[in-house]
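> Turn this into a structure:
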Amino acid sequence: MAEALSRKGAGASLAAASPSAITTAEPVSEHPPALRTPSAPEDSQTRVSTSEPAVTGQPRQLPANLAELREAACKCADCALSAKRKNVVFGVGSEHPDVLFIGEAPGEQEDVQGEPFVGRAGQLLDRMLDASGWSRDSVYIMNVVKCRPPGNRDPKPGEVRACSRWFDAQWDLLQPRVVCLLGRVAAQRVLGTEASLSSLRGRWHEYRGVPVWVTYHPAYLLRTPTGKAAVWQDLRVLAERVQSLRAPVSGG
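This is a model prediction of the structure:
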């Protein structure tokens, strides 16, 4: 798989580009942002304790490689979403990614094609990746849940819990260096918090020992193009963190 950061140099590509590289389109209704009012301030190293559980599945014997895990997930019927899906939307990209991007759930086009982020928001995500020196082949893209909720609504807590065994098994096999959560729903579900997206952006979190960064969902940028400057800054910080983790540690 391509290693875009080492090939192009993330710092150079980001410095040479500008926020205008992340182009936008007309607003769409795909996964509207609906940001919540911020909860009490959260310490930068501590999760907010809420009634919404973090994504932690019950231990079960699952395949030890991504191809077999995908095949097993495609047979899943653990929640009601399986009844009306066209496809399980498992994930796509490098099997050992520097960056793992996580959204909340598949939309209509994702359900049809069986691949995450292939609608208009996905096309914008592709441009965001390209502007940062990455591609779909050099990162990994997935969602918190694998099946499309009716009408593109937010996934319910029970649906998240039912899908968490696939989520956690995928995470363990991928072993990403850094994770980027796209949008409020993914951030709240993974970090186990009800804090608003705006309060979660701009500082590092951690999930299962991996650094986690939060930014806006690409669909939000389709609806609110003025947000692209903030996302551009988020991508720069994300790339710099990846580059620092890839750099060899000097001895002595």
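> Can you list the low-confidence ranges for the stretch 51-200 of the chain?
For the stretch 51-200 of the chain, applying pLDDT under 70 flags the ranges 51-60.
> So which residues of it form helices?
In the stretch 51-200 of the chain, the helices defined using DSSP state H, counting those that start in this stretch lie at 66-73, 108-113, 120-131, 157-174, 184-191, 197-200.
> Mean neighbour count, those helices: which tops it?
Across the helices of the stretch 51-200 of the chain, averaging neighbours per residue (mean count of other CB atoms under 10 Å) puts helix 184-191 on top, at a mean of 25. (Each C-beta comes from the backbone N, C-alpha and C, glycine too.)
> which residues does residue 129 contact?
Under the criterion of CB atoms under 8 Å, 6 or more residues apart in numbering, the contact list for residue 129 reads 135-136, 139.
> Show the buried residues in those residues.
With burial judged by 16 or more other CB atoms under 10 Å, the buried subset of the contacts of residue 129 is 136, 139.
> Quick one: the contacts of residue 129 as CSV, columns for distance to residue 114 too.
Converted to CSV, those look like this (distance: CB to CB, whole Å):
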residue, distance to residue 114
135, 19
136, 14
139, 19
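> circling back to that earlier point, please render the helices of the stretch 51-200 of the chain as TSV that adds distance to residue 149 to the earlier fields.
TSV is the format used below for the helices of the stretch 51-200 of the chain (distance: least, CB to CB, whole Å):
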stretch	distance to residue 149
helix 66-73	17
helix 108-113	10
helix 120-131	15
helix 157-174	7
helix 184-191	10
helix 197-200	19
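> closest to residue 101 out of the ones you listed?
Comparing the helices of the stretch 51-200 of the chain against residue 101 with CB to CB, the closest turns out to be helix 120-131 (7.4 Å).
> Tell me what residue 100 is bridged to.
When bridges are called by DSSP bridges, residue 100 pairs up with residue 140, residue 179.
> and the gap between it and residue 177?
9 Å (CB to CB, to the nearest Å).
> neighbour count winner among those two?
Using other CB atoms under 10 Å as the criterion, residue 100 and residue 177 rank with residue 100 on top: 24 against 17.
> what touches both of residue 100 and residue 177?
When CB under 8 Å, 6+ apart defines a contact, no residue borders residue 100 and residue 177 alike.
> Tell me which residues touch residue 234, please.
Here residue 234 is in contact with 180, 201, 213-216 (CB under 8 Å, 6+ apart).
> can you tell me which of the residues you listed are in helices?
Members of these lying in helices (criterion: DSSP state H): none.
> and the most centrally placed residue in the chain, what is it in contact with?
The chain has residue 102 as the residue nearest its centroid, 1.4 Å off, counting by CA atoms, centre = their mean. Counting by CB under 8 Å, 6+ apart, residue 102 touches 141-144, 179-182, 186, 190.
> how about a cut-off of 6 Å?
Residues near residue 102 by CB atoms under 6 Å, 6 or more residues apart in numbering: 142, 181, 186.
> thinking again about what came up before, which among the contacts of residue 234 end up buried?
180, 201, 213-216.
> The residues you listed in strands, which ones?
Among those, the ones falling in strands (DSSP state E) are 180, 213-215.
> between the residues you listed, which is nearest residue 88?
residue 180 (22.5 Å).
> surely the closest one meets residue 214?
No - using CB atoms under 6 Å as the test, residue 180 is too far from residue 214 to be in contact (7.6 Å).
> and the ones in strands among the buried ones among the contacts of residue 234 as CSV, adding distance to residue 238?
Below are those laid out as CSV (distance: CB to CB, whole Å):
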residue, distance to residue 238
180, 6
213, 5
214, 10
215, 8
